[in-house]
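Engineer: got a predicted model here, sequence first, then my questions.
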Amino acid sequence: MSFASIGFLVWFLPLVLLAQWLLPWRNATLLLASLAFYAWGDPAHLPVLLFYIVLNWGLGRLLGRQPGCRRLLLLGLGLNLLPLFWFKYAGFLAGLVGFAVVPPQLPLGVSFFAFQGISYLVDIHRGLVLPQRRLWVFALYKALFPLLIAGPILRYRDIEGRLERRRTSLLRWRHGMTLFVLGLGQKVLLANTLAVPADQIFALPAAQLGLATAWLGVVCYHLQLLFDFSGYSTMAIGIGHMLGLRFPANFDRPYLAQSVTEFWRRWHMTLSAWFRDYVYIPLGGNRHGAWRTAGNLLLVYILCGLWHGAAWTFLLWGMFQGALMLLERLGFGAVLARAWRPLRHLYLLLSLLVGWGLFRSESLATTWSMWSAMAGLNQGAAEPAPLGAFLSAPVMTALLVGALLATQRLPRGPGWVSGKAGGALLLWRDAGAYAAVLLVFVASLARVASGTHNPFIYWRF
Amino acid sequence: MPPRRDASRARRWLQAGFVGVLALLALLPLLAQLAGFNGWRAGENRAQAPMPAVPRDAAGLRAWPRVADAAVNDRFGLRTQLVSLHDQALFRLFGAFAVPQVLAGPGGRLFVSSDGAKSLIRYACGRGLPVETVPDLAGQVEALFRGLQQRVPRADLLLAPSAPVLYPAELPAWLRRDCAAGTPIARQVMDRLPAEWRERSFFPVAPLVAPGLPGPAIPRRFMHWDGVGAGRAVAAWAEERRHLQRRLEVPAAWQWRPSDLSGFFPGLRLGSMALEPAAEVPGVEPCLGWPCFPGFADIASVLVDVRRFRAAQPGAGRLLVLSDSFGAAAAPWLARYYGEVWQFTLNHAEQLSPGQRSRLAQALLEGYRPDQVLVLMMDASMTLTLPRLLGLLE
């Protein structure tokens, strides 16, 4: 179930929040609602979630009794990764060695289950957390519906002890609702609008892919991806506040970064931190010389690429990111730091846009067409598709608003409407901000509703 | 109380008000649905998604969320109001439509296409068609003529030009070049026909854009032609091609009509002035719908859009019009030349069983025994309408 669907917005979320408010068994209802939310995607995949819950709870208890047992930890890591490999990578790997295997249908959120499980077991092994004794509390942590599908990746240590003592307040509700609406607006009004030209352009045959069209496609995708992912994370964090939970931030205006290294500190921060803490540092990090550091860095970004999907495009995209990070570490970063600020930003944007050309493509052939067109070298583009076909007024508005929002330093956090101004001024500013949020909510709901309107045309023309 | 404390209290109230209003807004669709205000528009021209049944096996259980989602999407509270609000906002702010099927030109003329611009360029402007399309269509037209020739004295084909063909300059700028580079599909098909059938085929572009017409052949906000276009096309075919004499006049008046595309943008009241033939024409007995055909009312009721005009004109012949939805506006004007006109829109012909199709053909061709059959369809819908017609003759 998507957050931006009628079923979720009109039925699921209001009823769950009402139940949280009215019923005494708050955690039990939240657990049941979370399991129902997951089963809605495909009931056949519910056992995968239950497997991860029982596996990690059980192994956590065992590790708690034998904290130093490395074999138990390795067994836990292996068992966490096994379903992930089977569902996500078996088909790809079999294809590499020449077997045609129909890959199984990927259960939603399986990467998140595995990563949460690994972080839980490793943290117990490191003595950072105590194993959870009660299965239902652990189940609630694993199954929390706001985080089930797209994160942020919540580590158990970040929520330890809080699940049993969830508290809400008027301030928290206001903050949660505001974040949810702003996330919904990002997803529905911006990302979904920009997805249309991005999808159309990436689906164009090479003969219609001209220089301007290709650049428009990657720019649309650049903003779509940000607002889609960051919108989803923001909604999850907002729901968390309404449930009395605090989830970690996942995005920190990443397109304002001045280098690829800084970008990865601002983009999908919980994933970057997870790779740092559970892959890069255990591999030795930067403690074993330049070559080993370079290898570790490259490996982490290859894995990061593959985490996004089992395909050559993701693998090469990961390598590309790793190579840029390496380049910056090897001295280019220092040169960059002395460069004029707009130049640094231009470098980052170009790196990202070239990378998205790879990331978004269905195949390497599409990537090649896209890159050739972006470089003005697509000689086969005899009849490039006209820009006007993609640049409708709503798309142009979404591009403009998206570019502004992605590059402005907007106030964040619960105090976003506070300040040092006088009382009356603050009151008006609050009122304006609240009115804007209400407007975004109505516009987003109307947009989602419009998606259900499906007039059927009975002639092909 | 110091003013600062007052402001702080006011801000808390404002905060509470915001939470309350937003919560109320979020609950409104749910409350409206529980109160029975769930919107479903028949204008969507499709069946409403069914309510999910209790799953009886594993496959049913897996499919259940999908069925439930579709049912919820078609039934949630305030659906019609929210869709209307969205369409209005999109049109007022950007002059755009929520569905890809409708494109607006810079002058406000609407163009319709099933999947955005691609099929419009293909099936109206005739560019980028699969190589087999035109020969296939020409073959179907030929088969149609041969089939009709065996059963009626004469058959003609009238292809109604669509808006992109008549008004290419009113297309969105980015579409003009593509459309201009093509040859209308109707012309390509006619060029492939043997001479005898080509002579009986008519594609009246020039008459419909000729200066001196009282208005556009297709009103700006419409997909179909109105009295101007239908009347002129019919006159050109009957008087210039068939050399028929006009036996009576059909009075007509200008009226504002909501767009025939309104189902695509609920909430928006877009329309145009259209020339409408009078409902009552002296000397003509009109009859609309299946009750006009008691001998095969069960079949006519499936087709829905059927009509009959009888004129007290001794000696005038009988005309049968087999058409797509463009036939409806043409039929009253054809009554000027014939003693009796039957017009059948075949857009729902797929819903007829083979037996019903055979009975319908029997009733129309052998029972009614028309002197003339006029096959009338929009150029861009030939790929759909021709198979329906051939299905009737099988």
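Structural biologist: That came in fine, so what should we check first? Numbers count the residues shown, from 1 in each chain, chains lettered A, B, ... in the order given.
Engineer: any weak-confidence spans in the chain?
Structural biologist: Using chain A here. A:380-382, A:409-422, A:455-461 (pLDDT under 70).
Engineer: looking at chain B here, not the other one
Structural biologist: In chain B, residues with pLDDT under 70: B:1-7, B:38-43, B:114-117, B:314-315.
Engineer: counting contacts, what elements does the helix ranked longest in it pack onto?
Structural biologist: Secondary structure of chain B per DSSP state H: the longest helix is helix B:3-34. Where contact means 3 or more C-beta pairs under 8 Å, 6 or more residues apart in numbering or on different chains; DSSP states H and E, helix B:3-34 is packed against helix A:13-22, helix A:170-185, helix A:423-450. Any C-beta I mention is one placed from the backbone N, CA and C, and that applies to glycine too.
Engineer: now the stretch 251-394 of chain B against chain A: closest residue?
Structural biologist: B:A380 (3.4 Å; C-beta to the nearest C-beta).
Engineer: isn't there a helix covering that residue?
Structural biologist: Yes - assessed by DSSP: H, G, I helix; E, B strand; the rest coil, B:A380 belongs to a helix.
Engineer: quick check: the gap between it and B:P161.
Structural biologist: 9 Å (C-beta to C-beta, to the nearest Å).
Engineer: quick one, which of the two is more surrounded?
Structural biologist: Counted by other C-beta atoms under 10 Å in any protein chain shown, B:A380 and B:P161 do not tie: B:A380 has more neighbours, with 32 against 27.
Engineer: just checking, A:W267 touches A:P254?
Structural biologist: Yes - under the criterion of C-beta atoms under 8 Å, A:W267 makes contact with A:P254 at 3.9 Å.
Engineer: measure the residue minimising distance to the centre of chain B to B:N45 for me?
Structural biologist: Closest residue to the average C-alpha location of chain B: B:S325 at 5.6 Å, with C-alpha atoms, centre = their mean. Distance, B:S325 to B:N45, by C-beta to C-beta: 12 Å.
Engineer: for the residue in the stretch 101-250 of chain B positioned nearest to chain A, give me its contacts.
Structural biologist: At 2.8 Å from chain A, B:W174 is the closest residue in the stretch 101-250 of chain B, using C-beta to the nearest C-beta. Residues counted as contacts of B:W174 (C-beta atoms under 8 Å, 6 or more residues apart in numbering or on different chains) are A:P386, A:L387, A:G388, A:A389.
Engineer: recalculate using a threshold of 6 Å.
Structural biologist: A:P386, A:G388, A:A389 (C-beta atoms under 6 Å, 6 or more residues apart in numbering or on different chains).
Engineer: ok, those residues vs chain B, which is closest?
Structural biologist: Using C-beta to the nearest C-beta, those come closest to chain B at A:G388, 2.8 Å.
Engineer: so which strand or helix has the residue nearest to the centre of chain B?
Structural biologist: Assessed by DSSP states H and E, B:S325 sits outside every helix and strand.
Engineer: most packed of the helices and strands packed on helix B:3-34?
Structural biologist: Neighbour counts averaged per stretch over the helices and strands packed on helix B:3-34 are highest for helix A:170-185, at a mean of 23; criterion: mean count of other C-beta atoms under 10 Å in any protein chain shown.
Engineer: the inter-axis angle of that helix versus helix A:13-22?
Structural biologist: 170 degrees (axes from the mean of the first three to the mean of the last three C-alpha atoms, to 10 degrees).
Engineer: for B:A300, helix, strand, or coil?
Structural biologist: Per three-state DSSP, the local secondary structure of B:A300 is helix.
Engineer: list the contacts of it.
Structural biologist: Going by C-beta under 6 Å, 6+ apart, B:A300 touches B:W290, B:F293, B:V306.
Engineer: contact partners for the first one?
Structural biologist: Contacts for B:W290 (C-beta under 6 Å, 6+ apart) come out as B:A297, B:A300, B:S301.
Engineer: if we go to 10 Å?
Structural biologist: Going by C-beta atoms under 10 Å, 6 or more residues apart in numbering or on different chains, B:W290 touches B:F296, B:A297, B:D298, B:I299, B:A300, B:S301, B:V302, B:L303, B:V304, B:D305, B:V306.
Engineer: surely the last one and B:N347 touch.
Structural biologist: No - the pair B:V306 and B:N347 fails to qualify as a contact (C-beta atoms under 10 Å) at a distance of 11.2 Å.
Engineer: common neighbours of those two, please.
Structural biologist: By C-beta under 10 Å, 6+ apart, B:V306 and B:N347 have these common neighbours: B:G327.
Engineer: those two: which is more packed in?
Structural biologist: Set B:V306 next to B:N347 and count neighbours by other C-beta under 10 Å: B:V306 wins out with 26 against 19.
Engineer: in the sheet, who's paired with that one?
Structural biologist: Taking DSSP bridges as the rule, B:V306 bridges to B:F344.
Engineer: do you know how far it is from B:V19?
Structural biologist: Going from B:V306 to B:V19 by C-beta to C-beta gives 58 Å.
Engineer: okay, strands next: where are they in the stretch 151-300 of chain B?
Structural biologist: Taking DSSP state E, counting those that start in this stretch, the strands of the stretch 151-300 of chain B run over residues B:155-160, B:201-202, B:252-258, B:271-277, B:284-288.
Engineer: which one of those strands lies nearest to B:A217?
Structural biologist: Evaluated over these, closeness to B:A217 peaks at strand B:155-160, with 9.1 Å, by C-beta to C-beta.
Engineer: can you give the strand pairings for the closest one, parallel or anti for each?
Structural biologist: strand B:201-202 (parallel), strand B:372-378 (parallel).
Engineer: now those strands as CSV including distance to B:F37 and mean neighbour count?
Structural biologist: Shown next, in CSV, are those (distance: least, C-beta to C-beta, whole Å; neighbours: other C-beta atoms under 10 Å in any protein chain shown):
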stretch, distance to B:F37, mean neighbour count
strand B:201-202, 51, 20
strand B:372-378, 38, 26
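Engineer: could you export those as TSV, including distance to B:A23?
Structural biologist: Output for the strands paired with strand B:155-160, formatted as TSV (distance: least, C-beta to C-beta, whole Å):
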stretch	distance to B:A23
strand B:201-202	64
strand B:372-378	50
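Engineer: between those strands, which one is nearest to A:D199?
Structural biologist: Comparing those under C-beta to C-beta, the one sitting nearest is strand B:372-378, at 29.7 Å.
Engineer: now B:L374: closest residue in space that isn't a chain neighbour?
Structural biologist: The shortest distance from B:L374 to any non-neighbouring residue, by C-beta to C-beta, 6 or more residues apart in numbering or on different chains, is to B:V321 (4.9 Å).
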